[in-house]
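Student: For reference, the sequence and a predicted model appear below.
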Amino acid sequence: MTEKSEFRRYLVNIDSISAHQLFTDCLVIGAGIAGLRAALEAAEHHRVIIVCKGKAEESNTFKAQGGIASVLDKADTFESHIADTLRTGCGICDEAVVDLVVHQGPELVEQLLEWGTEFDLSENHIAATLEGGHSYPRVAHAHGDETGRAIAEALLDRVRHNPNIRIMENFFTIDLLTDNNKCMGIIGHERKRGPQIIWAANTILATGGAGRLYRETTNPEVATGDGIAMAYRAGAVLRDLEMVQFHPTTLYIAGATRALITETLRGEGAILVDSKGRHFMKEYHEAAELAPRDIVSRAILAQMRKTESTHVYLDVRHFDKAYFAKRFPWINELVESFDIDITHDLIPVRPSAHYMVGGVKTDSSAKTSVENLYACGEIASTGLHGANRLGSNSLLEGLVFGKIAGQEVSKNKRATAAHLKRPIIKHQIPHSDRTRLDTADVRNSLRALMWRNVGITRLDQPLSEAQEIIRFWQRYVMDKIFDSPAGWECQNKLTASLLIAQSAQQRRESRGVHYRRDFPKIDDENFKKHIKISRKSEENQ
Ligand SMILES: Cc1cc2nc3c(=O)[nH]c(=O)nc-3n(C[C@H](O)[C@H](O)[C@H](O)COP(=O)(O)OP(=O)(O)OC[C@H]3O[C@@H](n4cnc5c(N)ncnc54)[C@H](O)[C@@H]3O)c2cc1C
């Protein structure tokens with residue numbers, strides 16, 4: 001079969017007869033909150049393998065600070081959480097999904113507590129705080145600002161004690177194997193044993209986000225958008241990829257890695273000031289520091305331009321030092337490591353890419369458009385977030401849809417490795433004589449390009465140019481066969497970035513996190529809808 005390199009079905013040669021093979025009832029790709037929760041549910045009736053590309057502790061989940069949103073207080077209501085989520089989603093949330101997630105939240109968060117998550121408590125109940133966009137304090141947190149780590153550790157502990165679940169770390173999933181639009185498992189590469197196929201009766205994609213496509217990001221190294229690219233190659237429908245959320249406040253110290261300064265800090269009274277010490281947020285939104293993230297990010301960017309500065313500051317000098325150290329221990333340690341004394345000094349911050357709102361389209365059972373393939377967590381586009389994610393709703397979404405995906409798999413008791421009819425899959429990539437580019441160089445240049453041309457504010461011409469440049473790189477990168485994660489990640493990053501730029505160009509309006517300087521208004525008449533993209537639709541153009 002000949003194919004254009006940008007539409008290559010698989011990134012590597014495959015011979016399913018001679019490859020090293022494993023079999024499982026259910027394969028989960030990813031060990032964040034979504035993958036772990038899905039595995040626990042699927043393991044009720046099935047044997048499960050979880051693969052993750054680094055250590056299980058390397059995920060966006062582990063980095064999550066602020067908390068997990070849920071209606072936990074009697075004075076709070078489901079209606080209020082639903083209304084906040086819908087308002088933030090700017091008209092394109094799936095209301096049935098919002099209803100489902102919000103209603104399932106409290107029980108599943110309480111279950112996390114039962115399973116050993118050390119949530120901060122107040123009078124024996126889970127304590128909750130306020131965050132931007134929420135109209136009630138409903139954000140549960142653990143160890144102050146280490147919520148994600150606390151949740152993931154409790155889930156991992158349960159997973160590691162479950163005899164039906166095996167975790168394979170340092171296992172890079174290269175591609176989903178499909179036969180007639182049915183997912184049959186994956187081809188991957190384990191650091192110790194090299195390439196192998198895992199045949200699975202059901203596959204759950206839980207590969208998380210894609211922040212690493214951008215120069216400035218809060219995401220750890222694993223968040224390279226592999227799930228977007230492999231789902232696209234497998235023919236799945238992807239949705240709203242233009243919706244990339246930028247977090248307003250990332251610690252900005254030249255040369256240091258970017259670290260997120262949680263939103264709850266603003267929820268508890270931190271103030272944004274510019275390089276001249278002016279409190280500017282009131283000029284941009286009546287809710288000032290508590291305005292939705294996209295508005296705060298754009299306001300900071302505008303103020304940076306106005307003052308010709310590379311950053312603004314968070315002012316927490318009015319906080320009690322001991323309270324700050326107890327409530328935000330991780331941030332306290334971080335700023336102290338840069339000799340910032342919070343009672344005297346301002347904390348330099350700027351926005352950066354944070355959360356992928358769009359992703360692989362699923363229905364309310366976590367099913368994708370590819371048979372036997374489910375998706376949950378940040379990789380999925382369930383319809384919960386619409387055009388913008390309300391803070392702390394993503395851990396919640398991963399938890400709820402992780403459970404749903406696992407439950408769906410668990411329901412079908414006959415969907416086991418024993419019943420799996422394996423097809424013969426052979427794929428041979430033609431040799432290419434084209435010049436070999438330095439992939440590390442391409443990755444860095446791509447991240448800078450995405451930040452400049454497909455970033456917080458967008459315009460038609462730079463979006464076109466970004467696609468042109470990415471296509472140029474693709475000609476020299478997508479035609480090669482790599483034998484290590486760095487090469488496959490580069491190929492995936494190019495694919496995911498191109499799809500984001502294409503989607504951003506298609507949405508000729510501003511909605512939620514997607515801001516077009518040439519179309520600054522919301523356009524309900526033409527765009528109160530989703531932007532969908534799939535390999536089949538692209539090939540037919
Ligand atoms: C700094 C930071 C702070 C945050 N704070 C909050 C917060 O307070 N509240 C909130 O609700 N959300 C927060 N978020 C967002 C939230 O953490 C994520 O959306 C959520 O944890 C995603 O969970 P997940 O299970 O979908 O993916 P992840 O937790 O990112 O896990 C992805 C998994 O997929 C694996 N993987 C990826 N590609 C491959 C591959 N090719 N092969 C094999 N394995 C692969 C990774 O190894 C990893 O195990 C924050 C995010 C960041 C980065």
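Tutor: Yep, it's here. Numbers count the residues shown, from 1 in each chain.

Student: Now the residue of the chain most remote from its centre: which helix or strand?
Tutor: When each C-alpha in the chain is compared with the mean C-alpha position (CA atoms, centre = their mean), residue 433 comes out farthest, at 36.0 Å. Under the criterion DSSP states H and E, no helix or strand holds residue 433.

Student: Got the domain ranges for this protein?
Tutor: What the record gives for the chain is the domain set 245-353, 430-539, from automatic domain parsing.

Student: Ok, which of those domains comes nearest residue 188?
Tutor: domain 430-539 (9.7 Å; CB to CB). Using the backbone N, CA and C atoms, a C-beta is placed for each residue, glycine as well.

Student: Any part of that closest one near the ligand?
Tutor: No. Applying CB under 6 Å from any ligand atom, one finds domain 430-539 out of contact with the ligand, separated by at least 7.4 Å.

Student: thinking again about what came up before, worst mean pLDDT among the domains of the chain?
Tutor: For the domains of the chain, mean pLDDT drops lowest on domain 245-353, to a mean of 92.

Student: what about that one and the ligand, any contact?
Tutor: Yes. Against the ligand, domain 245-353 shows contacts by CB under 6 Å from any ligand atom at residue 260.

Student: OK, contacts around the residue of the stretch 301-450 of the chain found nearest the ligand?
Tutor: Using CB to the nearest ligand atom, the single residue of the stretch 301-450 of the chain nearest to the ligand is residue 377, 2.3 Å away. Taking CB atoms under 8 Å, 6 or more residues apart in numbering as the contact definition, residue 377 lies against 30, 32-35, 206-208, 394, 397-398, 401-402.

Student: can you rerun that using 10 Å?
Tutor: 30, 32-38, 59-61, 204-209, 227, 359, 366, 394-395, 397-399, 401-402, 405 (CB atoms under 10 Å, 6 or more residues apart in numbering).

Student: Could you dump the domains of the chain into a markdown table and include distance to residue 159?
Tutor: As requested, the domains of the chain are arranged in a markdown table below (distance: least, CB to CB, whole Å):
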| stretch | distance to residue 159 |
| --- | --- |
| domain 245-353 | 24 |
| domain 430-539 | 23 |
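
Student: Could you check which helix or strand contains residue 104?
Tutor: Counting by DSSP H and E, residue 104 is found in helix 95-114.

Student: With only the CA atoms kept, save that helix in CSV.
Tutor: Only the C-alpha atoms of helix 95-114 are listed here, as CSV (Å, rounded to 0.1, in the frame of the first residue of the first chain):
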residue,chain,number,x,y,z
GLU,A,95,-25.5,19.5,29.0
ALA,A,96,-26.3,15.8,29.7
VAL,A,97,-22.6,15.1,30.2
VAL,A,98,-22.3,18.1,32.6
ASP,A,99,-25.2,16.8,34.6
LEU,A,100,-23.8,13.3,34.7
VAL,A,101,-20.3,14.3,35.9
VAL,A,102,-21.5,16.8,38.5
HIS,A,103,-23.9,14.3,40.0
GLN,A,104,-21.4,11.5,40.1
GLY,A,105,-18.7,13.7,41.6
PRO,A,106,-19.5,13.7,45.4
GLU,A,107,-19.7,9.9,45.7
LEU,A,108,-16.5,9.3,43.7
VAL,A,109,-14.6,12.0,45.7
GLU,A,110,-15.8,10.5,49.0
GLN,A,111,-14.7,7.1,47.6
LEU,A,112,-11.2,8.5,47.0
LEU,A,113,-11.1,9.5,50.7
GLU,A,114,-12.1,5.9,51.7
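
Student: Contacts for the helix or strand following that helix, please.
Tutor: Later in the chain than helix 95-114, the nearest helix or strand by DSSP H and E is strand 121-122. With contact meaning CB under 10 Å, 6+ apart, strand 121-122 is reached by 113, 127, 128, 140, 142.

Student: Now, those residues that are in strands?
Tutor: 128, 140 (DSSP state E).

Student: Up against the ligand, what does the stretch 51-200 of the chain have?
Tutor: 51-54, 58-61, 63-68, 147-148, 171-173.

Student: so of the residues you listed, which ones are in helices?
Tutor: Mapping these onto helices (DSSP state H) picks out 60, 61, 63, 147, 148.

Student: Farthest-apart pair in those residues, please.
Tutor: 60 and 147 (12.2 Å).

Student: So for stretch 231-251, first residue to last residue, what's the gap.
Tutor: 33 Å (CA to CA, to the nearest Å).

Student: make that stretch 113-123, sorry
Tutor: 15 Å.

Student: in that stretch, what's buried?
Tutor: Applying a neighbour-count criterion of 16 or more other CB atoms under 10 Å, one finds 113, 117, 118, 119, 120 buried in stretch 113-123.

Student: What residues of whichever helix or strand residue 526 is part of count as buried?
Tutor: Counting by DSSP H and E, the element that carries residue 526 is helix 524-527. Under the neighbour-count criterion of 16+ other CB under 10 Å, helix 524-527 has residue 527 buried.

Student: Can you name the next helix or strand after that helix?
Tutor: strand 532-533.

Student: That following strand pairs with which strands?
Tutor: Strand pairing for strand 532-533, using DSSP bridges, gives strand 238-239 (antiparallel).

Student: So which of the contacts of residue 377 belong to helices?
Tutor: Short answer: the contacts of residue 377 in helices (DSSP H) are 33-38, 60-61, 227, 394-395, 397-399, 401-402, 405.

Student: Compare the domains of the chain and give me the one nearest residue 133.
Tutor: Nearest of the domains of the chain (CB to CB): domain 245-353, 5.0 Å.

Student: Tell me the gap between that closest one and the middle of its chain.
Tutor: 22 Å (CA atoms, centre = their mean, to the nearest Å).

Student: Out of the contacts of strand 121-122, who's the most crowded?
Tutor: Within the contacts of strand 121-122, most neighbours by other CB atoms under 10 Å means residue 140, with 31 neighbours.

Student: how close does residue 69 get to residue 350?
Tutor: 25 Å (CB to CB, to the nearest Å).

Student: so who does residue 95 touch?
Tutor: So residue 95 contacts 82, 85, 86, 89, 383, 386 (CB under 10 Å, 6+ apart).

Student: how far away is the residue most central in space within the chain from residue 13?
Tutor: Geometric centre of the chain, nearest residue: residue 209, 2.5 Å, by CA atoms, centre = their mean. From residue 209 across to residue 13, the span is 29 Å (CB to CB).

Student: Thanks a lot, see you next time.
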